[in-house]
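Engineer: sequence below, structure please.
(chains A, B and C)
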Amino acid sequence: MARTPKPVHEQFFDRDPVPLARALVGTVLRRRLGGQWLAAKIVETEAYALDEPASHSSLGRTPSREPMFAPPGTLYLYWSRGGPSLNLSARGSGDAVLIKAAVPHVDSVSPPQALEHMRTLLPPLANGPRATHRLCSGQSLLCRALDLHVKEWTGLRFDPARFVLEDLGDRPELVQARRLGISAVRSTGLPWRFVHREHVRSATKNPLTRRGAAQGVDYWMLPSGG
DNA sequence: CCAAAGATGCGCT
DNA sequence: GCGCATCTTTGGG
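Structural biologist: Numbering: from 1, shown residues only, chains lettered A, B, ... in the order given. Sure thing, here's the model as predicted:
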């Protein structure tokens, strides 16, 4: 008998963006679709704050960015470079966490069939089937694998009936690094990216194996539990 | 118009 | 497994 997902308490989201980004790594997103619970464990996040040029909120308060200013735990989805991205608003108005990568999660609630459903939601690759550990290894891949669309979801909150965040007790060691994909003029160089140590190969880019990457310079190890 | 918090295929190591 | 070119789609200037 499959149990029902147990969502985190609302208060989980009431943290500053960096602590929230750290706390989210290791938690599980579940999305009810077609009678099954699709599931993905978050393995990579990035924090963004209102007062730094890298954040969308710093570009101004427009209708599409309004969810970044909404109460903690509000979903902010945007479209960029041909794909959607999922963020959660944090404690400070204009602060948020970008969910950058995840790995499919299988258990009694989300059986292997749900994982295969996720695979079908992604466009086929030229060379053979998509590796399971790369099913959600990017912010747009994750949205597609969970069938999250910008227009339908942005501005909403988690919903116990169809989209939940669950804490299954994973308290991983984290790799901290600089955020990715930010243009030079808007970059602050802040190391506000957090990757699950055991799932670095499922991150957007592996922070440990980049050419010349050095501990204490390009990345930092954060012990389990913070 | 076009930069943007991206993804893929391909050539190389 | 990495770097780079190429393709992506759209909100907002």
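
Engineer: for DNA strand C, tell me whether the lengthiest strand in chain A is touching it.
Structural biologist: Ranked by number of residues, the top strand in chain A under DSSP state E is strand A:36-48. No. Strand A:36-48 is not in contact with DNA strand C by C-beta under 7 Å from any atom of the strand; minimum separation 13.9 Å. The way it works is simple: take the backbone N, C-alpha and C, and place the C-beta from them, glycine included.

Engineer: likewise stretch A:219-226?
Structural biologist: No. Stretch A:219-226 lies apart from DNA strand C when judged by C-beta under 7 Å from any atom of the strand; the minimum separation is 12.3 Å.

Engineer: quick one: end-to-end length of that stretch, please.
Structural biologist: 16 Å (C-alpha to C-alpha, to the nearest Å).

Engineer: and the residue positioned nearest the centre of chain A, which helix or strand is it part of?
Structural biologist: When C-alpha atoms, centre = their mean is applied to chain A, the residue found nearest the centroid is A:Ile99 (1.8 Å). In this assignment (DSSP states H and E), A:Ile99 forms part of strand A:96-104.

Engineer: which SS class is the nearest residue to A:Gly138 once chain neighbours are set aside?
Structural biologist: Of all residues not flanking A:Gly138 in the chain, A:Thr204 sits nearest, at 5.3 Å (C-beta to C-beta, 6 or more residues apart in numbering). Three-state call for A:Thr204 (DSSP: H, G, I helix; E, B strand; the rest coil): coil.

Engineer: re earlier: for the strand holding A:Ile99, enumerate the helices and strands it packs against.
Structural biologist: helix A:17-24, strand A:36-48, strand A:83-89, helix A:139-145 (3 or more C-beta pairs under 8 Å, 6 or more residues apart in numbering; DSSP states H and E).

Engineer: check which helices and strands the last one sits against.
Structural biologist: It stands for helix A:139-145. Checking 3+ C-beta pairs under 8 Å, 6+ apart, helix A:139-145 ends up next to strand A:36-48, strand A:83-89, strand A:96-104.

Engineer: distance to DNA strand B and mean pLDDT added to those strands, as TSV?
Structural biologist: Converted to TSV, those look like this (distance: least, C-beta to the nearest atom of the strand, whole Å; pLDDT from 0 to 100):
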stretch	distance to DNA strand B	mean pLDDT
strand A:36-48	4	98
strand A:83-89	5	98
strand A:96-104	3	98
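
Engineer: as CSV, the ones you listed with distance to A:Val175 would be great.
Structural biologist: Formatted as CSV, these follow (distance: least, C-beta to C-beta, whole Å):
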stretch, distance to A:Val175
strand A:36-48, 9
strand A:83-89, 21
strand A:96-104, 12
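
Engineer: can you map out the strands along chain A?
Structural biologist: So, for chain A - with DSSP E - the strands run A:28-33, A:36-48, A:75-80, A:83-89, A:96-104, A:163-166, A:174-177, A:193-196, A:219-222.

Engineer: give me the contacts around the last one.
Structural biologist: Defining contact as C-beta atoms under 8 Å, 6 or more residues apart in numbering, one finds that strand A:219-222 is touched by A:22, A:173-177, A:191, A:194, A:197, A:207-208, A:213, A:215.

Engineer: picking up where we left off before, what's the angle between the strand holding A:Ile99 and helix A:17-24?
Structural biologist: With axes from the mean of the first three to the mean of the last three C-alpha atoms, to 10 degrees applied, the angle from strand A:96-104 to helix A:17-24 works out at 20 degrees.
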